[in-house]
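Student: Got a sequence here, can you model it:
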Amino acid sequence: MKKNTRGIIVYSIILGLFLIGMVTYQYLKSGRLATIQIELPAGTSLFIDDKALGTNPAENASYFETTVPIGTHTILVARDDYWPWKKDIEVKVGDVERLNPFLARQSSMGFIIGEADPEYDALRVAINSIKVPTKTDKLVSSSRKVALWAEETILFAEWIGDIASIPEYFCLEGGCTSALEVYRSNVPISNITFYPEREDVAVISTGEKIIAIELNKKGTQNFQPIFSGTAPQFVISSQNTILVLDNNQLLELAP
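Tutor: Residues are numbered from 1 along each chain as shown. Reported below is the predicted structural model:
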């Protein structure tokens, strides 16, 4: 091969790479990106589109932010011995997607509170006296911003805080609404409360199960089982544990 021919080939390759680089630069410069902001729970690992982006080794949640191309992306947050949290989202140019994952334990960690325990009777009475929140008697979060209630098999949430700071998950299909239908069960809902230290995740008992449900229905809505029994009822203790009463057996579970 002649030197001139080799030179032309090398020049063409360099020019091609340069043009690809310029196109990529212009693509990024044009802002055809979206931002994902995540409150990453302690001890969890983050994956976006099957790519590992790191682990939060801290004892508390840590803030994480990254940019992604416009389109559909799969966000996965995982931790050993916990149910994974996964959400498929679609983002447009300039979007800022704020995500706050939650993870419940795969196997209930806790202990039985026996009848000999001095608190057994009082706890049993307290759990049995629970009434399901209704539209006229809603359960309000500690921040006084979110309310929950049920109508037979349907769980509702309502934003009662400052309308200027209404979360994005109350703004679906092009408009914001203060009331949101969160979940439809096949059987009546028998109890509702907020997940410990969260106002964007509900815990409900329905039929044989206690489950945690995120209010955010954008993309994939996450459901995570907490307990399965016969007809369990529950309360959240002052220590943020879950006290479950099922067939007169009283248990205290870690969330």
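Student: drop to CA atoms for contacts and neighbour counts, all remaining ones
Tutor: Fine.
Student: partners of Leu245 in the sheet?
Tutor: Gln233, Leu250 (DSSP bridges).
Student: scratch that, Pro225 is what I was asking about
Tutor: Taking DSSP bridges as the rule, Pro225 bridges to Ile211.
Student: Tell me how far it lies from Thr206.
Tutor: Remark: distance between Pro225 and Thr206 (Cα to Cα, to the nearest Å) = 11 Å.
Student: joint contacts of those two?
Tutor: Residues touching both Pro225 and Thr206 (Cα atoms under 8 Å, 6 or more residues apart in numbering): there are none.
Student: show me where pLDDT drops low in this protein?
Tutor: Low-confidence segments of the chain (pLDDT under 70): 1-31, 173-174.
Student: Start and end of stretch 98-110, how far apart?
Tutor: 32 Å.
Student: what comes into contact with that stretch?
Tutor: Stretch 98-110 is touched from outside by 36-41, 77-78, 81-85, 212, 224-227, 251-255, with contacts defined as Cα under 8 Å, 6+ apart.
Student: Show the buried residues in those residues.
Tutor: 36, 38-41, 77-78, 82-85, 212, 224-227, 251-255 (16 or more other Cα atoms under 10 Å).
Student: Cross-reference those residues with the strands and report the matches.
Tutor: Using DSSP state E, 36, 38-40, 77-78, 85, 212, 224-227, 251-253 are the members of the buried ones among the contacts of stretch 98-110 that sit in strands.
Student: end to end, how far does stretch 60-77 reach?
Tutor: 15 Å.
Student: so how far is it off the chain centroid?
Tutor: Centroid separation for stretch 60-77 versus its chain: 13 Å, with Cα atoms, centre = their mean, to the nearest Å.
Student: And for stretch 124-142?
Tutor: Here the centre of stretch 124-142 is set off from its chain's centre by 23 Å, with Cα atoms, centre = their mean.
Student: Kindly report the same for stretch 145-164.
Tutor: That offset, for stretch 145-164, works out to 17 Å (Cα atoms, centre = their mean).
Student: which of the residues in that stretch are buried?
Tutor: For stretch 145-164, by 16+ other Cα under 10 Å, it's 145-150, 154-160.
Student: do stretch 53-61 as well
Tutor: Those would be 55-56, 61, for stretch 53-61 by 16+ other Cα under 10 Å.
Student: and what of stretch 94-102?
Tutor: Applying 16+ other Cα under 10 Å to stretch 94-102 flags 95-97, 100-102 as buried.
Student: Go through these and flag which are in strands.
Tutor: Filtering the buried residues of stretch 94-102 for membership in strands, criterion DSSP E, returns 96-97.
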